[in-house]
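Asks: Structure, please.
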Amino acid sequence: RITQQLLSMEHVSRKNLVAKLESFNVVSLLQRRLAAMLHRADSSNTKIIFEDDHSSFLVMGHQSLLGEALDNILDNALSYGCKDGGIITVSISSKKDNTVEINIFDNGNGIDQELMPKLFDRFTRGADVSDSGSGLGLAIAKKIIEIHDGTLTIESSNKGTNAKLVLPLFIDNTNSQILI
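Replies: Just a heads-up that it's a prediction; the model follows:
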């Protein structure tokens, strides 16, 4: 798995994106990624709650790469935030500045505050991490989101961790009409 992550990191760092840009519904992408995590969540006694208002939000980008970024963030919430069971709450909403905001919150113990400044650096792992993670997931996720003109921020306390992704909405002006 680390080989695949290193290749992905190199691919994303060079912005050598060969896949075709497309507009797609980021809500549907998020639902598919969450569905793929349900079995693992159930086996670790973790509940996943998806809060949405059944809207459809179009973004322009590389669907598979954004899916990889979501997978990495969700995997961290499941592996570290809720490693002993808990709740992951995922919400998505549009904002007035033509962006879509995705929040992934876990109610775990939070991230060590000393680790926060280095969280998006390659190979960064917490001192109490005992699994076989590579420390590349969040670095890859952040780079992918930035390539899509978005942002990824993480806030954490002893009551949990929230990853906030913000992406620009795709506004299709090709079908606009002028009414006289």
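Asks: Scan the protein for its longest helix.
Replies: Ranked by residue count under DSSP state H, the longest helix found in the chain is helix 26-43.
Asks: The spatially most central residue of the chain sits in which helix or strand?
Replies: By CA atoms, centre = their mean, the chain has its centre lying nearest to Leu70, at 3.1 Å. Element membership of Leu70, judged by DSSP states H and E, is helix 63-76.
Asks: for that helix, packing partners?
Replies: When contacts are defined as 3 or more CB pairs under 8 Å, 6 or more residues apart in numbering; DSSP states H and E, helix 63-76 packs onto helix 26-43, strand 99-106, helix 137-147, strand 160-168. (Each C-beta comes from the backbone N, C-alpha and C, glycine too.)
Asks: Tell me which of those sits nearest to His62.
Replies: Closest to His62 of the helices and strands packed on helix 63-76, according to CB to CB: helix 137-147, at 8.0 Å.
Asks: Let me see the contact set for the residue nearest to Asn76 when sequence neighbours are not counted.
Replies: Residue nearest to Asn76 in three dimensions, not counting chain neighbours: Gly137, with 5.9 Å by CB to CB, 6 or more residues apart in numbering. By CB atoms under 8 Å, 6 or more residues apart in numbering, Gly137 lies in contact with 5, 72-73, 75-76.
Asks: Of all pairs in those, which one is the farthest apart?
Replies: Farthest-apart pair in the contacts of Gly137 is Gln5 and Ile73; separation 13.9 Å (CB to CB).
Asks: out of these two, which sits in the more crowded spot?
Replies: For Gln5 and Ile73, the more surrounded residue by other CB atoms under 10 Å is Ile73, and the numbers stand at 24 against 19.
Asks: And the more buried one, how far from Glu101?
Replies: 13 Å (CB to CB, to the nearest Å).
Asks: one step back: how much distance is there from the longest helix of the chain to the middle of the chain?
Replies: Mean C-alpha position of helix 26-43 versus that of the full chain (CA atoms, centre = their mean, to the nearest Å) differs by 12 Å.
Asks: wouldn't Glu58 be in contact with Leu169 here?
Replies: To be clear, residue 58 is Leu; Glu isn't right here. Yes - A contact is recorded between Leu58 and Leu169 when judged using CB atoms under 8 Å, the distance being 6.5 Å.
Asks: lowest average confidence, helix or strand, in the chain?
Replies: With mean pLDDT, DSSP states H and E as the measure, the helix or strand of the chain carrying the lowest mean pLDDT is helix 2-13 (a mean of 55).
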